[in-house]
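**Q** compute the structure for the input listed below.
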Amino acid sequence: MRQGSISATSRDQVSSRQVKKSFLTLKSIRSNPNENVGNPVEKSGSGRKAAETLAAEAFSWVTEDVERLNAFMAMTGASPADLVREINSAAFLGRVLDWLLTEDALIRDFCDSRGLPYTAPMQARQQLPGGDVWNWT
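**A** Now for the predicted structure:
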């Protein structure tokens, strides 16, 4: 088994049903992911809510494929228990987008599957905690 994959004997083993149930709970409290993501500088409540919705949708996309989920967990260091425990956290949703933004292919695949512009994940990331754009000049 490759490093970072989910082990059947893992101490933190959580059923996929628990992860899916937590995700569905999160998704049910979010609005339309295409709504108000536009301006990356605006930190309004509706912009942040839309960003959280898009990030929740990205996490749903990650969980649709075991290889993607394993890659996400390996890169972020998250255990299955962490996924269930932190799924409602804006910081966790930011980490989902951070992971998605590591590769152009991930951005393309996610955005194409959801009919989103390729800039949407970066704009959403800027709305969440830790997503500020630094201007060094």
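
**Q** ranking helices and strands of the protein by mean pLDDT, which lands last?
**A** helix 16-28 (a mean of 53; mean pLDDT, DSSP states H and E).

**Q** any regions of the protein where pLDDT drops low?
**A** 1-45, 133-137 (pLDDT under 70).

**Q** what segments of it are helices?
**A** 16-28, 45-63, 66-76, 80-86, 90-100, 104-114, 120-127 (DSSP state H).

**Q** residues touching P121, list them.
**A** Contacts for P121 (C-beta atoms under 8 Å, 6 or more residues apart in numbering) come out as 54, 58, 97, 100-101, 107, 110-111. Where you see a C-beta, it was placed from the backbone N, CA and C, and this is true even at glycine.

**Q** try A124
**A** 37, 50-51, 54-55, 97.

**Q** what of I107?
**A** 100-101, 118, 121 are the contacts of I107 under C-beta under 8 Å, 6+ apart.

**Q** that older thread, can you pick the most crowded of the contacts of P121?
**A** Counting neighbours by other C-beta atoms under 10 Å, L54 leads the contacts of P121 with 30 neighbours.

**Q** in stretch 79-94, what's buried?
**A** By neighbour count on 16 or more other C-beta atoms under 10 Å, the buried set for stretch 79-94 is 79-80, 82-84, 87, 90, 92-94.

**Q** I'd guessed E86 sits against F92; true?
**A** Yes. With contacts defined as C-beta atoms under 8 Å, E86 counts as touching F92 at a distance of 4.0 Å.

**Q** measure A51 to N70 for me?
**A** A51 sits 25 Å away from N70, going by C-beta to C-beta, to the nearest Å.

**Q** same check on E64?
**A** Distance of E64 to N70, computed by C-beta to C-beta: 13 Å.

**Q** these two: which is more packed in?
**A** N70 (17 against 10).

**Q** alright, I will stop here.
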